[in-house]
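Pasting a predicted model and its sequence here:
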Amino acid sequence: MKKLLIALLLLPLLARAGDLPDLGQPALGRYELSRGQLAAETAYMALWYVDYRQTMDIKNYCLRQHPGGTRGPNGIVTYPNGDFCVPYESNLLLGSHPSDAKIRNYFLGLGIAHVAVTKVLPTEYRPYWLGAGIAVQLYTVIKNKRMGLTVNF
């Protein structure tokens, strides 16, 4: 799975490799990314990966904040004094307690979809799409960092 994630991170670099021609027409360069767009897509994918790693860290959040607890099968961490901690994901598409497989599948789909939409959008709309994607990912990464989620490579 790590190899697939690394390949997805490098996908923007491959976007410059070629063009998708229309049927019966020569390639016109519509699907090619400029250097600036390629840099923006690479920045998005880097932030996307940090967000992925932070999301994978949610299940360890309570144990790291308050050591000495035990995690139950439902994800709730209980402590000897009777206190408990419930780590949860705020992304509605993932659900409150997503499994590792669900997180991986969600982020793989998100990454592939973002690159595909970037390639298909007309050139004049790409900067807005890429800028919005970077802004959303940057906001999410900063919010996760402030909550105490870590990035373990």
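The structure has been received and is ready for your questions.

Next one: the residue lying closest to residue 126 once chain neighbours are set aside relative to residue 125, how far apart?
Distances taken as C-beta to C-beta, 6 or more residues apart in numbering place residue 37 nearest to residue 126, at 5.4 Å, with adjacent residues excluded. Heads up, the C-betas are built off the backbone N, CA and C, glycines and all. For residue 37, the distance to residue 125 (C-beta to C-beta, to the nearest Å) stands at 11 Å.

So for the two, which residue has more residues nearby?
A count of neighbours by other C-beta atoms under 10 Å puts residue 37 above the other of residue 37 and residue 125, at 21 against 11.

List the contacts of the more buried one.
Residue 37 is in contact with 118, 126-127, 130, counting by C-beta atoms under 8 Å, 6 or more residues apart in numbering.

quick one: which of these is nearest to residue 107?
Distance to residue 107 across these (C-beta to C-beta) is lowest for residue 118, with 16.4 Å.

Look up the pLDDT of the closest one for me, please.
pLDDT, residue 118: 90.

For the one helix or strand residue 127 maps to, give me every contacting residue.
In this structure, residue 127 sits in helix 126-147 according to DSSP states H and E. Applying C-beta under 8 Å, 6+ apart, the external contacts of helix 126-147 come out as 33, 36-37, 40-41, 43-44, 47-48, 50-51, 54-55, 61, 114, 117-118, 121.

Generate the PyMOL command that creates a selection of the buried members of these.
To isolate the buried subset of these in PyMOL, counting by 16 or more other C-beta atoms under 10 Å, use the following:
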select buried, resi 33+37+40+41+43+44+47+48+50+51+54+55+61+114+118+121
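
Tell me how far the helix holding residue 127 lies from the chain's centre.
Distance, stretch centre to chain centre, for helix 126-147: 10 Å (C-alpha atoms, centre = their mean, to the nearest Å).

and what of stretch 119-139?
Computed by C-alpha atoms, centre = their mean, the chain-centroid distance of stretch 119-139 equals 15 Å.

How about stretch 83-101?
In terms of C-alpha atoms, centre = their mean, the centre of stretch 83-101 is set 16 Å apart from its chain centre.

for it, how far is the first residue from the last?
29 Å (C-alpha to C-alpha, to the nearest Å).
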